[in-house]
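Student: need the 3D shape of this:
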Amino acid sequence: MYLFGFGSLINIKSAQKSFKRVLKQEDLIPVTAKGVKKVWNSIEFIDFEDKANVNGVFLNLEIDESSSANGVVVKVSDEEFELLKLREKNYSSVIIKKQNIIGYNLDDDVIAFMTTNDSKIAKQGDENCYIPSKYLDLLTQSFKFYDDAFVEKYKEETLKDFPFELKEGSYKFSDPLQNKLAKEGVNESK
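Tutor: Residues are numbered from 1 along each chain as shown. As a prediction, the model looks like this:
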């Protein structure tokens, strides 16, 4: 099976934390998915060094037949998918049909993580909601591994007109397991 990554999973270092096998940059295949768009509205409970109990707002996908979103696909085993579900714990698994993936010929449909629980979706005007600047750093640090067209489309879709205030500083996920998987990874040798 394939997984569509559109946020932290476009970053090889971040993606590696969810895999026991060693990932190579070539494992993250740049594609465009039709019928979805990226939105800033997925809430994860996080703590900043100077402020606890914050609604961290992260990238999400939203069904929109007239849109498309770029990201990467990576082939995953059943075991890898189960580990990824722990890391992406507040997301639901949705299927993107292989014919809706542009840029790579797939032999199977693609799974994507999308927040669908309304209580975990930030809305304009919600208080105590911040986009962590360090998360943006994680996204932009990956750009050197992709071509200019991918980067420009990603910036256009993702890195402008933020619906929530950006917050500087280090953060951790309030859920200890989620934090371990996102920050340290699945390999105990790290």
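
Student: this protein: strands as residue ranges?
Tutor: Using DSSP state E, the strands found in the chain span residues 2-5, 29-48, 51-75, 92-96, 101-102, 110-114, 129-132, 165-167, 171-173.

Student: need the ones you listed in a markdown table with distance to Q16 and mean pLDDT, can you?
Tutor: C-beta coordinates here come from the backbone N, C-alpha and C atoms, glycine included. Formatted as a markdown table, the strands of the chain follow (distance: least, C-beta to C-beta, whole Å; pLDDT from 0 to 100):
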| stretch | distance to Q16 | mean pLDDT |
| --- | --- | --- |
| strand 2-5 | 12 | 96 |
| strand 29-48 | 16 | 96 |
| strand 51-75 | 11 | 96 |
| strand 92-96 | 21 | 94 |
| strand 101-102 | 23 | 98 |
| strand 110-114 | 17 | 95 |
| strand 129-132 | 20 | 97 |
| strand 165-167 | 26 | 97 |
| strand 171-173 | 18 | 88 |
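
Student: same list (those) but as JSON lines, adding distance to F145.
Tutor: JSON lines is the format used below for the strands of the chain (distance: least, C-beta to C-beta, whole Å):
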{"stretch": "strand 2-5", "distance to F145": "13"}
{"stretch": "strand 29-48", "distance to F145": "9"}
{"stretch": "strand 51-75", "distance to F145": "10"}
{"stretch": "strand 92-96", "distance to F145": "22"}
{"stretch": "strand 101-102", "distance to F145": "19"}
{"stretch": "strand 110-114", "distance to F145": "20"}
{"stretch": "strand 129-132", "distance to F145": "22"}
{"stretch": "strand 165-167", "distance to F145": "24"}
{"stretch": "strand 171-173", "distance to F145": "24"}
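
Student: most neighbours per residue, which of those strands?
Tutor: Of all these, strand 2-5 carries the top mean neighbour count, a mean of 23, counting by mean count of other C-beta atoms under 10 Å.

Student: circling back to that earlier point, out of the strands of the chain, flag the one nearest Y146.
Tutor: strand 29-48 (5.8 Å; C-beta to C-beta).
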